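Asks: Dropping the sequence and predicted coords here.
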Amino acid sequence: MVHDSRCVLLALLLALSYLGFVQPTYTASTLIMIDPRKLQVLPQQSVFGESALDTPTVESQVELLKSPKISLSVVRGLNLIDDPEFRASDASSVPSLLSMIRGIIRGESGHRAESMSFQYRKEQATLEKLRRNFSVRRSGISYVIQVTFQSEDTEKASRIANAIATAYISDQLEAKQQAAESATTWLQERLSRLRGQAIEADRAVEEFRTRNVAQGSGGRSVGEQLRELERTAQAYRTLYDSFFQRFVETAQQQSLPIPDARVITAASPPLRPSYPRPTLTLFAAGLAGLLSGVVIAFIRARRKVPTSIS
């Protein structure tokens, strides 16, 4: 029993030493809701029509959140390249003596190139560290995506998790803006052609009517032909009006784009570290110490058996 107590006490002391030595890690999460509305351009569709989101579509948004473009935006936006936690310690981020000598030999342009190369390596190392510390996953089969980030600092964990979500939504807004601009350009070209076709159709009606009145022509066939020309002209005018309405709506969306996603729960600084967990660590250490004491006692008891028999 004494050995059991000693083993448990030793295990607890080791666990406490470990908890005092290891750097705690904090985890913060942001929840993003994907909006199923898509930009539509054709007149028979609404500007942002409802579109069912299937699994590949949502998973594509997950991969977009993981993309280097989003991560790089966060690195630059928060200036993480100068953050001590993200400062690279590997040799690849330190300019070698040989590269410095090469820069001096090549002159100012060579030195500038070496400096840019060094800055690029620092940025890439920071980017890699950032991407190692965050994860993105879909919440079940819903439209919700969870962005999680781990940091040594509780406030920094929440700040970066929120920054990732913000960078993603900003990217969505930029994509929407570009789509609206492309749609506006296409509609302008289409309107120009429709305007010309409508004018030509109206002119054809007037010319046909003037020519037949001057010649005194009449009859059933002339009347049918005139009505056919009038229907064609009316069709062009209706089509032009429809596309013009779509042009106005698209221009409004371009001036006030709607993102494809929104944050439904922003990350807040976690109150307790996600690693290590003191309670779990001490419980596991105590249990391991108790089992070790039992094993030691059992082994010693086995060794005493032959001695007592002899």
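Replies: Arrived safely, thanks for sending.
Asks: Was I right to think Glu123 contacts Asn79?
Replies: No: using C-beta atoms under 8 Å, Glu123 is not in contact with Asn79; the gap is 10.8 Å. (Glycine included, C-beta is placed from N, CA and C.)
Asks: who has more neighbours, the two?
Replies: Applying other C-beta atoms under 10 Å to Glu123 and Asn79 shows that Glu123 carries more neighbours, namely 17 against 10.
Asks: Setting aside sequence neighbours, what's the nearest residue to that one?
Replies: Spatial nearest neighbour of Glu123, chain neighbours left out: Ile81 (5.7 Å); criterion: C-beta to C-beta, 6 or more residues apart in numbering.
Asks: Next, the buried residues of stretch 161-180.
Replies: Going by neighbour count (16 or more other C-beta atoms under 10 Å), the buried part of stretch 161-180 is 161-169, 171-172, 176, 179-180.
Asks: Out of those, list just those in helices.
Replies: 161-169, 171-172, 176, 179-180 (DSSP state H).
Asks: before we move on, back to that, residues touching the residue nearest to Glu123, list them.
Replies: Ile81 sits next to Val75, Arg87, Lys122, Glu123, Thr126 when contact means C-beta atoms under 8 Å, 6 or more residues apart in numbering.
Asks: switch the cut-off to 6 Å
Replies: Each residue near Ile81 by C-beta atoms under 6 Å, 6 or more residues apart in numbering is listed here: Lys122, Glu123, Thr126.
Asks: Leu80 too?
Replies: Contacts of Leu80 (C-beta under 6 Å, 6+ apart): Phe86, Thr126.
Asks: ok, now how distant is it from Lys122?
Replies: Using C-beta to C-beta, to the nearest Å, one obtains 10 Å as the distance from Leu80 to Lys122.
Asks: So Thr148: helix, strand or coil?
Replies: strand (DSSP: H, G, I helix; E, B strand; the rest coil).
Asks: who does it bridge with?
Replies: Ser29, Ser135 (DSSP bridges).
Asks: Hmm, it is touching Ser135, no?
Replies: Yes: using C-beta atoms under 6 Å, Thr148 is in contact with Ser135, at 5.0 Å.
Asks: and those two? which has more neighbours close in?
Replies: Thr148 (18 against 15).
Asks: measure the more buried one to Arg190 for me?
Replies: 46 Å.
Asks: For this structure, which segments count as helices?
Replies: 2-21, 55-66, 68-77, 97-132, 154-215, 220-255, 278-309.
Asks: contact partners of the third one?
Replies: Yep, that's helix 68-77 we're talking about. Outside helix 68-77, the residues touching it (C-beta under 6 Å, 6+ apart) are Thr126, Leu127, Leu130, Arg131, Ala163, Ile164, Ala167, Tyr168.
Asks: what pLDDT does Thr238 get?
Replies: Looking at Thr238, its pLDDT reads 91.
Asks: What is the neighbour count of it?
Replies: Neighbour number of Thr238 under other C-beta under 10 Å is 11.
Asks: Then the one 10 residues further on?
Replies: Neighbour count for Val248, taken as other C-beta under 10 Å: 10.
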